[in-house]
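>>> give me coordinates for this.
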Amino acid sequence: MQPVANIEGRAIPFGAKNVDTDIIIPAHWLKTITREGLAQGAFETVRAEPGNVFDRPENLGAPILIAGDNFGCGSSREHAAWALLDRCIRAVIAPSFSDIFSSNAFKNGILAVELPQEQIDRLMEVAREHPISIDLDSQIVATPCQDRFAFAIDPFRKHCLSHGLDEIGMTLARDAAISTYERSRAASLPWLDNPRENS
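Take a look at the predicted model:
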């Protein structure tokens with residue numbers, strides 16, 4: 001997983017509330033066995049509308065999405081996070097998130113930033129013309145217009161995102177301790193490694 005430190009660039013001023021996972025990635029895209037190519041299906045129904053914010057030239061490749069309240073509600077599909085990543089979105093800013101989406105986003109290296117609605121409204125306004133930056137270390141969302149909005153984040157999630165640690169990475173970080181335990185266990189309980197020899 002790619003570490004998260006500073007995310008800076010265009011922010012897509014979407015702003016819609018109660019965006020469920022079927023809007024983020026429709027069900028017919030779930031047949032894929034790879035994470036690649038899901039960007040094509042991301043927000044497919046929204047992007048079918050002429051002049052939508054996702055397909056505007058200035059927003060292509062934008063690393064930040066600004067959304068409304070209760071973003072990611074609905075099903076537990078992890079494909080929603082995969083689709084955002086495939087579309088180069090590394091952070092979503094919203095007043096609130098579905099718990100399952102927030103967890104899936106975190107496990108895939110997407111920063112979910114919660115801010116009050118009035119600050120979301122301000123960012124929506126600024127994002128139409130200016131880039132936005134998110135500093136995970138200082139936990140600040142900033143704009144070139146001198147806006148500085150502090151956000152809270154669970155310390156464990158912050159550590160994992162900062163160091164690019166997913167569940168596999170966290171396990172591998174304990175490799176030395178796991179190896180020491182395995183050697184100790186093999187020495188004290190050797191029959192567990194060869195149960196047929198002891199039957």
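>>> please report phi then psi for the nearest residue to residue 6 once chain neighbours are set aside.
Nearest non-adjacent residue to residue 6, counting by CB to CB, 6 or more residues apart in numbering: residue 135, 5.5 Å away. The C-beta positions use only the backbone N, C-alpha and C, and glycine is treated the same way. Main-chain torsions, residue 135, degrees, to the nearest 10: phi -110, psi 110.
>>> hmm, residue 135 is touching residue 4, no?
No. Residue 135 lies out of contact with residue 4 (CB atoms under 8 Å); the separation is 10.2 Å.
>>> higher neighbour count, those two?
Shown here are residue 135 and residue 4; by other CB atoms under 10 Å, residue 4 has more neighbours (20 against 14).
>>> now do the contacts for the more buried one.
90, 91, 109, 111, 136, 161, 162, 164 (CB atoms under 8 Å, 6 or more residues apart in numbering).
>>> what about the last one, distance to residue 5?
Right, the one you point to is residue 164. 10 Å (CB to CB, to the nearest Å).
>>> and for the fifth one?
When distance is defined by CB to CB, residue 136 is 6 Å away from residue 5.
>>> who has more neighbours, the two?
Taking other CB under 10 Å, residue 136 and residue 5 do not tie; residue 136 has more neighbours (20 against 13).
>>> now do the SS call for residue 113.
strand (DSSP: H, G, I helix; E, B strand; the rest coil).
>>> ok, it touching residue 151?
Yes. Here residue 113 reaches residue 151: they are 4.9 Å apart, a contact under CB under 8 Å.
>>> how close does residue 166 get to residue 49?
For residue 166, the distance to residue 49 (CB to CB) stands at 35 Å.
>>> who has more neighbours, the two?
Taking other CB under 10 Å, residue 166 and residue 49 do not tie; residue 166 has more neighbours (15 against 11).
>>> surely that one meets residue 1?
Yes. Contact criterion CB under 8 Å: residue 166 and residue 1 qualify, at 4.4 Å.
>>> sorry, back to before: now the buried members of the contacts of residue 4.
Listed as buried from the contacts of residue 4 are 90, 91, 109, 111, 136, 161; burial here means 16 or more other CB atoms under 10 Å.
>>> any idea which helix or strand comes after the worst-scoring helix or strand of the chain on mean pLDDT?
Averaged element by element with mean pLDDT, DSSP states H and E, the chain has its least confident helix or strand at helix 167-173 (a mean of 70). Using DSSP states H and E, the helix or strand that follows helix 167-173 towards the C-terminus is helix 175-188.
>>> please consider this matter closed, and thank you.
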